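Participant: sequence and predicted model, in that order:
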Amino acid sequence: MSDTLPRFEHYPAWARALAHGIRARLGNTFVLHGNTHDLQPAPVEGRVPIATDFVPTASFLADWIFGRREVVIEYQRANGPIFHTRDAHRDLTEVAATIDAVHGTDLSRALPRDPIGFCTLLDAFFKHLAYRPQPIGVAVIFPYAETLVPDSALESSAEDRAVRVFIQKWSTDPVLIAAHVTIVLVTENLADISARLVRSPQTIEIEVERPDVAGRQRYLEAVRDPAWFAARADLSAERLAAMTSGLTRIQLRQILASVDEHGTRLDAKALREQKKGVIEAECFGLLEYVEAPYSLDMVAGHEGVKLRLRRAADAILAGRLRGVPMGYLIAGPVGSAKTFLVTCFAGEIGFPCVKFLNFRSQWQGVTEGNLEKILKLLHAMWPVGVIIDEADAFLGDRNQQGDSGTSNRVFAQLASFMGNTEYRGRIVWFLITSRPDLLPVDLKRQGRAEEHLALFYPQTIDEHDELFRIMLRKGQVTTPVQSIREVTDDPSGLSGADIEAMLARAILMADSVDEAGHPVLSAEALRRSFADFIPATSPLERELQILVAVQECTSREILPEAYRDLDRSAVLTRVNELRALLRDV
C-alpha cells in the first residue's frame, strides 16, 4: 500500500489540517467548505526554490493530497465518476462484475453514473476491501456535495436521503475508519449540506479560507512577471495584493485578463471599479459595494459626531485598533443624513464599505447559506465597513415565530459574528435606524454596536445655511441665493432630505443652465418650491423618532443643547404617550 502523504510545509493551511486529521485517524469523512471554487496553490516538488502551480480544489485533492493512493475517485452528479488512478477503474469494474455474476446485472459494461447506483457500487467495493490480502489507500471526493446531500429542508427525494445514509454509514464503519479510506465532501456553504452529516461527531469540518495578502501577492507574482506590472499597471504586485482584500485567485485572474483583453492600464480607480464588480457579481442581490465620492466635509453640522468618527478613522489608519468601537448605532429622525454620514465616513477613511441587501429566502436553509457566504466574505475583506440600513426591520430578533426557527438562527449567527473581538477595527458595523427602541438589546449592547450616535435636524440658522449651501454644491446648482432665510421665513424642522427634495423640484422647473450645464435657479424659483413643500411625515412620528434618538445616545456632548438636559423619565413618559397616540391613528 502507498499511503504515505507528501510533505505539507508548503501547502495551504486547510490542506495541512486535512493531512493532520488523516494521519491522526480523527475520522474518515471530511467536509471542506468556504473558498472551494477557487484555485489552490500546489507546490511543485523538485524545484528550488519551491514553485507553485494553481489548480482547482478537486484536482488539488486528487493529485497532491491523495496522489500516492492506489484508488482515487471523484464523483459529481453532472459527470458521474472520474477515476484519477488506473487501479480505481479496474477495481470498481471487478466488483461490478462480481455483482453481475450474482444478480444478473450488467454493471461492469458501463459503471453507474447516477448517485444511488454509484454509491451502491462503492459500498460493495468498501466491503470487498476487507478481503484483500494487502490493504490499499482509497480516497473518494464529492465536489458540489450540496447537490448530493442537501440540507434537510431542501431534501426532497428518496435519492438524496439514500446518499446521505450511505455517507453516514461509511463515516461510522469501524472497518473503513481503521483502513486507509478517506471521504471528502466539498461545498461552498456549510449550511447547504445535510445538518445531520455536519453535526455528526464522525464528520470533520475544515474551512478553506480566501487567500490573505501574502497569498494574493504570491499568486500575482506567479502569473505575471515584473515587466507586466511595469507596462500595464500603476500598481506593483505587492500594492495590488494589498488593495484586493476579499478577492479569490480566480477573481484576480479575471481582473488581469480584463486588463490584457481591453488593453487598459490598471490604476487604483480602475481596480476599485473592477473589485466592486466582482464582489457584487459574487454576492448578487446579497451585498451592495458602497463607494462614496465625498468625505465628512460634505456633511453639514453634526460636528460632535464627525469628530468621533474622525478619531476612529485616525486610529484605524494608525493601526490602533483596540480603541476602535466594534460598531455604531446611528439613530435619528428620517431625513437627518444618517446613511449619507456613514457613506461619507467610508469615503474619508478609504476602506471599502458594503451594504447588506435582502439575503433572506422563502426556502428554508437558503437564508442561512446566504448569510454564511456574506460573513465569510466580510472576514476575508477586512478592513471593511458594513452598513445595515433600517436595522430595526432588517435584523429581527430572537423571538420571531412562524419560519421554523430560521430567523432565530440567523439572528444568533449574526450577533455572534458582530461580537467577535477578533474583528475590532477590522470590521466596523453601522446599524442605521430611525427607531432604535425597536432594535433588540442583544445587538446594540457594548461589544457589538458600542457607540450610539444620534443625528438631529439643524438647530440654528447657521446650521440651516451650512446645510443649504452643501445641498446646492451637491446638486451643482448655480444661484445667487446664499442663505436659506432668503427663500423661507421659517426653516425650523426642515431636514436635509426636505431641502434636497425642494431643490430637486426647483431644478425640474429650471429654465436655464450655465456654461457647464448646471441648472440656474433664481431666488423666486426657490421661494416657490419652498412655499409649496409639505413634509411627508407626521409631526408625531418625527417627535417620537427624535426622542428615542435622545434616549439611545451614549454621549451627552453630541446632543444639541435643546435635548442635552432633558429629564430622562419625562422623555420616557412622552415616548410612551406618542406610541399610544400613533397606535390609535
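Facilitator: Okay, I see it.
Participant: domains for this structure, by residue range?
Facilitator: Domain assignment for the chain, taken from the TED database, gives 13-208, 213-283, 290-454, 460-584.
Participant: tell me which helix or strand of this protein sits lowest on mean pLDDT?
Facilitator: strand 512-513 (a mean of 76; mean pLDDT, DSSP states H and E).
Participant: now the next helix or strand after it: how far from the chain's centre is it?
Facilitator: Going down the chain from strand 512-513, the next helix or strand is strand 519-520, by DSSP states H and E. Put simply, strand 519-520 sits 42 Å off its chain's centre (CA atoms, centre = their mean, to the nearest Å).
Participant: list the helices and strands strand 519-520 packs on?
Facilitator: When contacts are defined as 3 or more CB pairs under 8 Å, 6 or more residues apart in numbering; DSSP states H and E, strand 519-520 sits against strand 512-513. Quick note: C-beta positions are derived from backbone N, CA and C, even for glycine.
Participant: okay, now the sheet partners of the strand it packs on, with direction.
Facilitator: Sheet pairing for strand 512-513, assigned by DSSP bridges, gives strand 519-520 (antiparallel).
Participant: same question for the partner strand, mean pLDDT?
Facilitator: Per-residue pLDDT over strand 519-520 has a mean of 84.
Participant: now do the buried residues in the helix or strand following it.
Facilitator: Proceeding N to C from strand 519-520, the next assigned helix or strand is helix 523-532, under DSSP H and E. Neighbour counts over helix 523-532 (16 or more other CB atoms under 10 Å) mark 525, 526, 527, 528, 529, 530 as buried.
Participant: likewise for stretch 436-453?
Facilitator: 436-437, 439-440, 442-444, 448-453.
Participant: can you pick out the ones from these that are in strands?
Facilitator: 451, 452, 453 (DSSP state E).
Participant: quick one, helices of the stretch 351-500 of the chain?
Facilitator: 366-381, 391-395, 406-418, 441-444, 461-474, 496-508 (DSSP state H, counting those that start in this stretch).
Participant: which residues touch the first one?
Facilitator: Contacting residues not belonging to helix 366-381 are listed as 34-35, 151, 154, 188-192, 207, 209-210, 245-246, 279, 282-283, 286-287, 352, 354, 356, 359-361, 384, 386, 406, 409-410, 413-414, 417, 423, 427 [CB atoms under 8 Å, 6 or more residues apart in numbering].
Participant: how close does the residue nearest to residue 312 when sequence neighbours are not counted get to residue 221?
Facilitator: Leaving aside its chain neighbours, residue 312 sits nearest to residue 324 (5.3 Å; criterion: CB to CB, 6 or more residues apart in numbering). From residue 324 across to residue 221, the span is 32 Å (CB to CB, to the nearest Å).
Participant: repeat for residue 31
Facilitator: If you go by CB to CB, the gap between residue 31 and residue 221 works out to 32 Å.
Participant: settle it for me: which of the two has more neighbours?
Facilitator: residue 31 (23 against 16; other CB atoms under 10 Å).
Participant: that one: what secondary structure?
Facilitator: Recorded secondary structure, residue 31: strand (DSSP: H, G, I helix; E, B strand; the rest coil).
Participant: and it, what does it touch?
Facilitator: By CB under 8 Å, 6+ apart, the contact list for residue 31 reads 145, 184-187, 190, 193, 197-198, 203-206.
Participant: who does it bridge with?
Facilitator: Beta-bridge partners, per DSSP bridges, of residue 31: residue 185, residue 205.
Participant: okay, now the sheet partners of whichever strand or helix holds residue 74, with direction.
Facilitator: In this assignment (DSSP H and E), residue 74 forms part of strand 71-76. Within its sheet, and counting by DSSP bridges, strand 71-76 is paired with strand 80-83 (antiparallel), strand 138-142 (parallel).
Participant: next SSE downstream of the first one?
Facilitator: Think strand 80-83. Note on strand 80-83: by DSSP H and E, the next helix or strand toward the C-terminus is helix 86-103.
Participant: which is the succeeding secondary structure element to that next one?
Facilitator: Heading C-terminal from helix 86-103 (DSSP H and E), you reach helix 115-129.
Participant: show me what that following helix is packed against.
Facilitator: Helix 115-129 sits against helix 86-103, strand 138-142, helix 158-172, helix 174-178, with contacts defined as 3+ CB pairs under 8 Å, 6+ apart.
Participant: which neighbouring elements make contact with the third one?
Facilitator: The one in question is helix 158-172. strand 29-34, helix 115-129, strand 181-186, helix 195-199.
Participant: please tabulate these in CSV, including the columns mean pLDDT and distance to residue 330.
Facilitator: Formatted as CSV, these follow (pLDDT from 0 to 100; distance: least, CB to CB, whole Å):
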stretch, mean pLDDT, distance to residue 330
strand 29-34, 95, 32
helix 115-129, 89, 50
strand 181-186, 95, 40
helix 195-199, 87, 36
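Participant: what ranges of the protein fall below the confidence cut-off?
Facilitator: Along the chain, segments meeting pLDDT under 70 span 1-9, 45-51, 152-156, 362-365, 396-405, 584-585.
Participant: any idea which residue sits dead centre in this structure?
Facilitator: Residue closest to the mean C-alpha point of the chain, counted by CA atoms, centre = their mean, is residue 374 at 2.4 Å.
Participant: quick one: that residue from residue 338, how far?
Facilitator: Computed as CB to CB, the residue 374 to residue 338 distance reads 22 Å.
Participant: and what of residue 312?
Facilitator: Residue 312 is 17 Å from residue 338, where distance means CB to CB.
Participant: so for the two, which sits in the more crowded spot?
Facilitator: Taking other CB under 10 Å, residue 312 and residue 338 do not tie; residue 338 has more neighbours (23 against 20).
Participant: so what's the more buried one up against?
Facilitator: Taking CB under 8 Å, 6+ apart, we find residue 338 in contact with 330, 331, 332, 432, 434, 455.
Participant: neighbours around the third one, how many?
Facilitator: By other CB under 10 Å, the residues close to residue 332 number 28.
Participant: so it touches residue 436, yeah?
Facilitator: No - using CB atoms under 8 Å, residue 332 is not in contact with residue 436, being 9.0 Å away.
Participant: overlap in contacts, the two.
Facilitator: Common neighbours of residue 332 and residue 436 are listed as residue 549 (criterion: CB under 8 Å, 6+ apart).
Participant: ok, now how distant is the residue nearest to residue 253 when sequence neighbours are not counted from residue 252?
Facilitator: Take residue 253 and drop its neighbours on the chain: the residue closest to it by CB to CB, 6+ apart is residue 223, 7.0 Å away. Separation of residue 223 from residue 252 (CB to CB): 8 Å.
Participant: so these two - more neighbours on which side?
Facilitator: Comparing residue 223 with residue 252 by other CB under 10 Å, the one with more neighbours is residue 252, at 23 against 15.
Participant: helix or strand: which one has the more buried one?
Facilitator: Secondary structure (DSSP H and E) places residue 252 in helix 249-262.
Participant: and that helix, what other elements does it pack with?
Facilitator: The helices and strands touching helix 249-262, judged by 3+ CB pairs under 8 Å, 6+ apart, are strand 39-44, helix 213-223, helix 268-282.
Participant: nearest approach to residue 548 belongs to which of those?
Facilitator: helix 268-282 (33.6 Å; CB to CB).
Participant: for that closest one, packing partners?
Facilitator: Checking 3+ CB pairs under 8 Å, 6+ apart, helix 268-282 ends up next to helix 249-262, strand 287-290, helix 366-381.
Participant: who touches it?
Facilitator: 234-235, 240, 243-244, 246-247, 251, 254-255, 258, 264, 287-289, 291, 352, 354, 377, 381.
Participant: now which of those residues would you call buried?
Facilitator: 235, 240, 243-244, 246-247, 251, 254-255, 287, 289, 352, 354, 377, 381.
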